[in-house]
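1. the sequence and its predicted three-dimensional model are supplied below.
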Amino acid sequence: MTLTIQSCATFPKSSLSQRLLTQNDLTRINGQYKVRAEKDSLLDNTYIDYHSAFEKFYRGKGRGSKDTMKIDNLDNYSFELKLVENQKVEITYLKDKISFRKFTLEYQLKNDGFIYLKNKNFKVSGIPYLFGGIDIRKLRLTTFDNYLIIEEVYHSSGAALLIFGDSKTWNYTHKYERNE
């Protein structure tokens with residue numbers, strides 16, 4: 001008998017023709033970027049504000065939880081990524097080039113040339129598949145020309161008394177222009 005376990009939230013093979021990141025050129029990702037995504041793989045521009053960089057790096061405390069930041073107009077905002085020692089990335093949110101929030105996440109450079117962020121990507125609510133569910137959200141980063149590319153996969157599923165309810169998996173690719 002063979003048991004095979006596969007993650008519900010996996011990244012598709014990248015269709016990007018970017019130059020892959022290596023240990024020698026990781027600092028290419030350092031920089032300041034516009035907070036508004038330039039291109040979204042699934043949604044039209046009317047929903048692009050929902051997929052701003054503010055929504056990418058912060059992970060709420062549970063299903064439907066959001067950060068308490070109130071953003072008035074995304075045009076004045078940007079974010080900065082800076083790789084620091086011990087496989088950590090420092091993310092700074094800026095308004096009119098002045099820092100108003102800073103935090104650090106762990107990352108891992110994988111063989112596919114992407115930086116994978118460790119941002120509390122697994123959330124449980126209730127007792128999974130008995131009376132509850134799971135949410136999985138993963139992010140990976142790379143660069144292409146003058147852009148930061150963020151690929152995101154999100155999976156949400158749940159059940160009541162082992163009767164499976166709704167289960168969804170979304171994949172997004174977002175492109176953020178470098179400011180400088």
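-> Ah, there it is. Numbering: from 1, shown residues only.

2. contacts and neighbour counts: CA atoms only from here.
-> Noted.

3. show me which residues of the host helix or strand of Tyr107 are buried.
-> Assigned by DSSP states H and E, Tyr107 belongs to strand 98-109. Residues of strand 98-109 classed as buried: Thr104, Leu105, Glu106, Tyr107, Leu109 (neighbour count, 16 or more other C-alpha atoms under 10 Å).

4. what packs against it?
-> Packing partners of strand 98-109 (3 or more C-alpha pairs under 8 Å, 6 or more residues apart in numbering; DSSP states H and E): strand 88-95, strand 115-118.

5. partner strands of that strand, with direction?
-> strand 88-95 (antiparallel), strand 115-118 (antiparallel) (DSSP bridges).

6. need the ones you listed in TSV (columns: mean neighbour count).
-> Shown next, in TSV, are those (neighbours: other C-alpha atoms under 10 Å):
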stretch	mean neighbour count
strand 88-95	18
strand 115-118	20
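
7. out of those, nearest to Leu130?
-> Of all the strands paired with strand 98-109, strand 115-118 sits nearest to Leu130, with 27.1 Å by C-alpha to C-alpha.

8. now that closest one - C-alpha only, PDB.
-> The C-alpha coordinates for strand 115-118 follow below in PDB (Å, rounded to 0.1, in the frame of the first residue of the first chain):
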ATOM      1  CA  ILE A 115      12.600  33.300  -3.200                       C
ATOM      2  CA  TYR A 116       9.900  31.700  -1.100                       C
ATOM      3  CA  LEU A 117       8.600  33.700   1.800                       C
ATOM      4  CA  LYS A 118       7.700  32.100   5.100                       C
END
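
9. could you say what helices and strands the helix or strand just after it packs with?
-> Per DSSP H and E, the first helix or strand lying C-terminal to strand 115-118 is strand 122-127. Packing contacts for strand 122-127, counted by 3+ C-alpha pairs under 8 Å, 6+ apart, involve strand 131-144.
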